[in-house]
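>>> pasting the sequence and the predicted model now:
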Amino acid sequence: MANKKGSSLVNSGQQEDGLRQRKPTKNLPTLETETPSIEEVSGQATPKVVAPFLQEEFIDFLYKPHTMTILVATFAVIVYYSFLRYDSSFTTETNVKRGIWAMIALFLVYCATQFRDSILLRPHPAIWRVVTGIGIIYLLFLVFLMFQSKDDARSFMRFLDSSLGKSLPERDYASDCRVYTPDDPISNFRNIYDTVYDEFILAHILGYIGKALLFRDLKLCWVISITFELMEITFQHWLPNFAECWWDHIIIDVLICNNLGIIIGLYICEFLKMRKYPLWIGVTEIKSTKGKIKRILEQFTPFNWTNYDWHIFDDAKHFLYFVAIVLAMNLVELNAFFLKYVLWVPPPNLLNVYRLLVWFLLAMPAIREYYQFVSDPNTKRLGANTWIVIGIILAEFLVYFKFSEKYYEIEFPPHIWVNWVLFFAIFIPWFFTFFFFTSKATREKYPLVKFILNAMLTLSMVPMAFMFVSGCPDLQWGRQQFDTFIYSLLGQQPPQAAL
């Protein structure tokens, strides 16, 4: 709640840190149920408990329940469109579409009025309840697709967009990897020109701005950026769209687009971190018109800001939480390509944009809930949005798995699977040694132990580096010799058409 007697400033980190470190008592509920008000956390007023989560003053009317009014208004709209706007000339397809949209709208209204508040406040808790509802609808849609045949699923997509239902010509990004093309009539750097003006360039930049805002950690963003390039190398024998030139992988994707997005996103995080957050007061408490307008606009800024410290190397649990995020993000991005491929949705189609928008909106409360679960020992379960996100990831994977025409049965070439085996053969012993067989005090006391562990972790990256240089279509350094050697060890004949 806002402090009506003054406008003193408190730092958001102090607010939430105080909330996280305070031990629960009988009079102080934890975040899973109710949350103490700002006055209590900051120690500036008499303790008072509000529910659910942190409350604030803005416009009283918007924070009072109007469930019956909204219900009557909703059914008035439904009656209007189902009776007064009904036309007997409507086709069955049109009636089905209108009915489905009405069902979705009514469900989202229910979510806005009846769901539990999210951990996020701005611009209004009802918006985040609707986001949760949209996530549930998307999850149910994926489950529906899982029960269809491949052809029926592709046909059903035409109900969403009549231009769909046609086989996709996959673009080959690695057919010509020359940097300089003097004979091309358009540009002497035609391949770079085509790559830079591809729709995925903007997706890379905007995507990593979003990731930086979500995860608020440089290491995590860079690990996700690099590992996805390794995922493309790993699965390019399944999806030719993943085959790219080495300079596309390293220079354009990682060093320029992803890096630029991370820098911009973390700069925004730093700006929000340094900002001083007032104890917000309601619009009715502000006398001047200019002040009222400013307060309304400020409603679309964060209520406060929390810095994320994932404590990656503190213990095995936090490290595995970190790994789980990396795996989840790679699955989300891989699913985008695989779903596009099996459902015949071309990259420029707006459905891809809608999916990314749903993912970004849903990830905002989901990541915040996940961080609360990771960092607060008093939080014993994952939040609702995190649960939905995990369900969507699994459902997207299963949809692709069912419709993939058994592409998953195509064998990985040796320069892929052997290097992954070598990576885990080094990484897993390092993990157990670092977290279970040695302590931080031991590593500080014996520098040689610390050096060996660091060398093991670095050495585990060598197979990944070789997989990259051997897997890039335009490099293929040592690929033929390595694959031939592995096949000879296994007593097998190399395939006629080497990848």
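Perfect, thanks for sending it.
>>> skipping adjacent residues, who's closest to residue 469 in space?
Once flanking residues are discounted, residue 469 sits nearest to residue 477: 4.4 Å by Cβ to Cβ, 6 or more residues apart in numbering. The way it works is simple: take the backbone N, C-alpha and C, and place the C-beta from them, glycine included.
>>> host element of that neighbour?
Residue 477 belongs to no helix or strand when assigned by DSSP states H and E.
>>> so how many other residues sit close to residue 98?
15 (other Cβ atoms under 10 Å).
>>> so how far is residue 371 from the closest residue to residue 311 other than its chain neighbours?
Computed as Cβ to Cβ, 6+ apart, the closest residue to residue 311 that is not its neighbour in sequence is residue 318, at 4.5 Å. Distance of residue 318 to residue 371, given as Cβ to Cβ, to the nearest Å: 11 Å.
>>> can you pull the buried residues of the helix or strand hosting residue 417?
Element membership of residue 417, judged by DSSP H and E, is helix 414-432. Residues 414-416, 418-419, 422-423, 426-427, 430-431 are the ones in helix 414-432 that count as buried (16 or more other Cβ atoms under 10 Å).
>>> so what does it touch, helix or strand wise?
Packed against helix 414-432 by the contact rule (3 or more Cβ pairs under 8 Å, 6 or more residues apart in numbering; DSSP states H and E) you find helix 218-235, helix 447-471, helix 479-490.
>>> just name the most buried of those.
Most buried of the helices and strands packed on helix 414-432 by mean neighbour count (mean count of other Cβ atoms under 10 Å) is helix 218-235; its value is a mean of 19.
>>> below-threshold pLDDT in this structure: ranges please.
Applying pLDDT under 70 to the chain flags residues 1-58, 60-61, 170, 496-499.
>>> ok, which of the helices and strands packed on helix 414-432 comes nearest residue 291?
With Cβ to Cβ, the closest approach to residue 291 among those belongs to helix 218-235: 37.5 Å.
>>> now the angle from the closest one to helix 447-471?
Counting by axes from the mean of the first three to the mean of the last three Cα atoms, to 10 degrees, helix 218-235 lies at 40 degrees to helix 447-471.
>>> quick one: the following helix or strand past helix 218-235 to chain centroid distance?
Note on helix 218-235: by DSSP H and E, the next helix or strand toward the C-terminus is helix 246-247. Distance of helix 246-247 from the chain centroid (Cα atoms, centre = their mean, to the nearest Å) equals 26 Å.
>>> how would you label the most far-flung residue of the chain relative to its centre: helix, strand or coil?
The C-alpha centroid of the chain is most remote from residue 88, which lies 44.2 Å away (Cα atoms, centre = their mean). Reduced to three states with DSSP: H, G, I helix; E, B strand; the rest coil, the structure at residue 88 is coil.
>>> what do you get for residue 301?
Look at residue 301: counting by three-state DSSP, its state is coil.
>>> element containing the closest residue to it other than its chain neighbours?
Nearest residue to residue 301 in three dimensions, chain neighbours excluded: residue 122, at 6.9 Å (Cβ to Cβ, 6+ apart). Following DSSP H and E, there is no helix or strand that holds residue 122.
>>> same deal with the one 4 residues further on?
Taking DSSP H and E as the definition, residue 126 sits inside helix 125-146.
>>> I'd like to know which elements that helix is packed against.
helix 92-114, helix 350-375, helix 384-403.
>>> ok, residue 435 touching residue 314?
No. Residue 435 is not in contact with residue 314 according to Cβ atoms under 8 Å; the separation is 9.4 Å.
>>> the two: which has the busier surroundings?
More neighbours surround residue 435 than the other of residue 435 and residue 314, with 17 against 12 (other Cβ under 10 Å).
>>> neighbours around the residue lying closest to residue 248 once chain neighbours are set aside, how many?
Setting aside the residues directly before and after it, residue 248 is nearest to residue 195 in space (Cβ to Cβ, 6+ apart), at 5.7 Å. Residues lying near residue 195 (other Cβ under 10 Å) number 19.
>>> touching the helix or strand where residue 195 lies from outside, list them.
Using DSSP H and E, residue 195 falls within helix 190-196. Helix 190-196 has contacts (Cβ atoms under 8 Å, 6 or more residues apart in numbering) with 173, 176-179, 181, 184, 186-187, 201, 245, 247-248, 252.
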